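Asks: any chance you can model this:
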Amino acid sequence: MSFSDLFDSGSKSRNKGYFASFVKIAYADNVLSDDEKKFLDRIAIKLDISANEYQEIVENPDKYPVDPPYLHSHRLERLYDLGKMVYADHVLGPRQKEILTRYAVYLGFTPKNIPFIVDKALSLLFLNVDMETFVYEMQHMNK
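Replies: Numbering: from 1, shown residues only. Next up is the predicted model:
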């Protein structure tokens, strides 16, 4: 165990939970496509997930709870990333949409608005918008 492991910060736990979210979505259809694998690898690097942690999370993603961000804009950024994973193989099945809907609840979006939020998010992802455009459009969708 390294010295830094003794002081595993809350952000490290959040990152593991966040990565576990991607793993669950990637395996929603019981098939991991090459695009999904590449996406998982990129996210693992971005979140500072070690090779050992990567393997542990893939083996048991339910062990790592989702820890929603406080700020609305950060929740939208997470929704964007999670939506990109759902759409990574360019196939949107009912199971993947269901999982994204569930994560929208975990991220703290208002339950009555979630169907609209998920549909809007997926339509923006279909248009291949960047994160900045996604967040802007999602924040201004009712205005």
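Asks: in the chain, which residue is most central in space?
Replies: Centrality entry for the chain: nearest residue to the mean C-alpha point is residue 82, 2.8 Å, by Cα atoms, centre = their mean.
Asks: that one contacts residue 20, doesn't it?
Replies: No - counting by Cβ atoms under 8 Å, residue 82 stays clear of residue 20, with 11.3 Å between them. Any C-beta I mention is one placed from the backbone N, CA and C, and that applies to glycine too.
Asks: residue 39: how many residues sit nearby?
Replies: 20 (other Cβ atoms under 10 Å).
Asks: go on, residue 41?
Replies: The number of residues packed near residue 41 is 12, by other Cβ under 10 Å.
Asks: kindly provide the distance from it to residue 23.
Replies: Plainly put, residue 41 is 12 Å away from residue 23 if you go by Cβ to Cβ, to the nearest Å.
Asks: check residue 111 too.
Replies: 24 Å.
Asks: looking at the two, which one has more neighbours?
Replies: More crowded of residue 111 and residue 23, by other Cβ under 10 Å: residue 23, with 23 against 9.
Asks: excluding chain neighbours, what is closest to that one?
Replies: Of all residues not flanking residue 23 in the chain, residue 61 sits nearest, at 4.3 Å (Cβ to Cβ, 6 or more residues apart in numbering).
Asks: residue 107 versus that neighbour, what's the distance?
Replies: Counting by Cβ to Cβ, the gap from residue 61 to residue 107 is 16 Å.
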